[in-house]
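1. pasting the sequence and the predicted model now:
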Number of protein chains: 2
Amino acid sequence: MHGSIAGMEDSKTTDRKIEIIEATTELFLENGFSGTSMSAVAKACGITKATLYHHFPGKDDLFAACVTNGYAAAQDDLKCVVARKDLSATEKLDQAMQRLYESSVSSPVGRMSPLIAEVSRTFPTVARAFHQDYIVPQRALSGQILDEGQQKGEFQEVDRDLFFHLVFGPIVTLSLSREMFATFDDLDRHFPLAQLNDGHRAMILSWLQGTAPQG
Amino acid sequence: MHGSIAGMEDSKTTDRKIEIIEATTELFLENGFSGTSMSAVAKACGITKATLYHHFPGKDDLFAACVTNGYAAAQDDLKCVVARKDLSATEKLDQAMQRLYESSVSSPVGRMSPLIAEVSRTFPTVARAFHQDYIVPQRALSGQILDEGQQKGEFQEVDRDLFFHLVFGPIVTLSLSREMFATFDDLDRHFPLAQLNDGHRAMILSWLQGTAPQG
DNA sequence: GTCTATAAGTAGATAGAC
DNA sequence: GTCTATCTACTTATAGAC
């Protein structure tokens, strides 16, 4: 890690960098961190390694930039839901969870989690940044929905950490499983996204509402 | 992958192999798969690389052996609970979840999950084996408790896949988080094992019992 | 900014003596 | 079974011309 986090030291990240980041993200997702060489990245971008190193001082910086690049989009999605005035807290949570499920298995940043785990050991800085810039805001936004529901009397009082644990736990694990077993031809039978999503949301809502849930 | 899965082709795995496996597991857990070189393994075992390659035909075989080595212990723990005659299904589930929490953050095989994710891309065989030899039996055992509870009328009818999703999801994610952020000095404040364990268990049980849960 | 060329090092894996 | 010595391939990263 040479510069500041994620190679974002320039106030405006150039188009060239964005091109590299997006191409590299694909490679990382497909082959993992250590399975992706800087030569392969350069080749995929149609540039030489030296040029690549001109834009990013090291492989870890490039990786951090890939991770960071996905933050904004993923969080805007959630912010959008939180800000809506026409929805009850219950409806907001329902929509938020639905979007979290979708983005965790389809968006780059969601699919990146196993890679971040891989890299965290060698670059704790990346782990720190991921936590502060992604997990903490994600929690804060979900927490806003919880607060709103409790203030309006829609939800009963629950422990905040437990709430995050029960909401994000199954989502992250499902995303991880689907990445791990991506080569399975019967992936959807083993890890059926829509069905688990529906059941999980229903369970969380009935938990928060203090009503007896239906199996 | 040269021999059969996990280098377990010999009916009796020699003591030497076990020694290597245990030392290597430590290294893998500390530095990841690609962060652990065969030279480092050999050094840690006090042998040369050539000797190491005499025992294990390749790095992937060695890794698979490390993963497989933890299965038995982790599953015996669960089997023990399932087999007890003096416990109700409710009590069994309570104990099983408690043990799953403990083993997922302390036992090698539990802590290995992020590594398996890392390796799965390059060696799908390892992913398959992990699924068939660890996840499937783990699910079967937990499923037995669910069945028992439903037959005895302790639990209401719930979707089986959803049950696994809600039970294992938070546990796996907590384990993954604690591995990812192992370098945090305030790890227990961010991911408090005991507290999340308690809340999660209470939530699952009240869900299965169809009673209104307490926050 | 982009290139060619190459440094400097490490990876997994093997041959063959003892 | 264990060793010494070595091979090939590939890694991240850089120097310096254009």
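-> Right, received. Where do you want to start? Residues are numbered from 1 along each chain as shown, chains lettered A, B, ... in the order given.
2. any idea which element residue A:52 lies in?
-> Here residue A:52, judged by DSSP states H and E, is contained in helix A:49-55.
3. tell me the centre residue of chain A?
-> In chain A, the centroid-proximal residue (Cα atoms, centre = their mean) is residue A:110; its distance is 3.2 Å.
4. for it, which non-adjacent residue is closest in space?
-> Excluding its sequence neighbours, the residue lying closest to residue A:110 (Cβ to Cβ, 6 or more residues apart in numbering or on different chains) is residue A:104, at 3.8 Å. From N, CA and C alone the C-beta is placed, and that goes for glycine too.
5. does that neighbour touch residue A:98 like I think?
-> No: applying Cβ atoms under 8 Å, one finds residue A:104 not in contact with residue A:98, separated by 11.0 Å.
6. higher neighbour count, those two?
-> residue A:104 (23 against 15; other Cβ atoms under 10 Å in any protein chain shown).
7. how near is that one to residue A:36?
-> From residue A:104 across to residue A:36, the span is 22 Å (Cβ to Cβ, to the nearest Å).
8. and what of residue A:69?
-> 16 Å.
9. before we move on, the earlier item: you'd agree the residue nearest to the centre of chain A is up against residue A:116?
-> No: the criterion here is Cβ under 8 Å, and residue A:110 misses it with residue A:116 at 10.9 Å.
10. what comes up buried for whichever helix or strand comes after the helix holding residue A:52?
-> Downstream of helix A:49-55, the first helix or strand assigned by DSSP H and E is helix A:59-83. If you call a residue buried by 16 or more other Cβ atoms under 10 Å in any protein chain shown, then helix A:59-83 has these buried ones: A:59-71, A:74-75, A:77-78, A:81-82.
11. for the residue of chain A at minimum distance from DNA strand C, the count of nearby residues, please.
-> Closest residue of chain A to DNA strand C, Cβ to the nearest atom of the strand: residue A:50 (2.8 Å). By the criterion of other Cβ under 10 Å, residue A:50 has 8 neighbours.
12. okay, it: pLDDT?
-> The model reports residue A:50 with a pLDDT of 95.
13. distance of it relative to residue A:36?
-> In this view, residue A:50 and residue A:36 are 18 Å apart by Cβ to Cβ.
14. ok, now residue A:54?
-> 19 Å.
15. same drill for those two, tell me which one is more crowded.
-> It is residue A:36, of residue A:54 and residue A:36, that has more neighbours when counted by other Cβ under 10 Å, with 21 against 11.
16. my read: that one touches residue A:29, true?
-> No: counting by Cβ under 8 Å, residue A:36 stays clear of residue A:29, with 9.3 Å between them.
17. isn't residue A:109 right next to residue A:72, touching?
-> No: using Cβ under 8 Å, residue A:109 makes no contact with residue A:72, being 9.3 Å away.
18. returning to that earlier point: for the residue nearest to residue A:110, which three-state class applies?
-> Secondary structure, DSSP: H, G, I helix; E, B strand; the rest coil: residue A:104 is helix.
19. could you list every residue that touches it?
-> Counting by Cβ atoms under 8 Å, 6 or more residues apart in numbering or on different chains, residue A:104 makes contact with A:110-111, A:171-172, A:174-175.
20. try residue A:59
-> In this structure, residue A:59 makes contact with residue A:38, judged by Cβ under 8 Å, 6+ apart.
21. tell me how far it lies from residue A:128.
-> Residue A:59 is 18 Å from residue A:128, by Cβ to Cβ.
22. shaky segments in chain A?
-> A:1-13, A:212-215 (pLDDT under 70).
23. for it, which segments count as helices?
-> Remark: helices assigned in chain A by DSSP state H are A:15-31, A:38-45, A:49-55, A:59-83, A:89-106, A:108-111, A:113-120, A:124-130, A:136-151, A:160-180, A:187-190, A:193-209.
24. interface residues of chain A facing DNA strand D?
-> Applying Cβ under 7 Å from any atom of the strand, we find that chain A lies next to DNA strand D at A:36-40, A:49-50, A:53, A:57-60.
25. what about 6 Å?
-> A:37-39, A:49-50, A:53, A:58-59 (Cβ under 6 Å from any atom of the strand).
26. give me the buried subset of these.
-> residue A:59.
27. so for residue A:143, what's the nearest residue that isn't a sequence neighbour?
-> Leaving aside its sequence neighbours, residue A:143 sits nearest to residue A:160 (Cβ to Cβ, 6+ apart; 6.3 Å).
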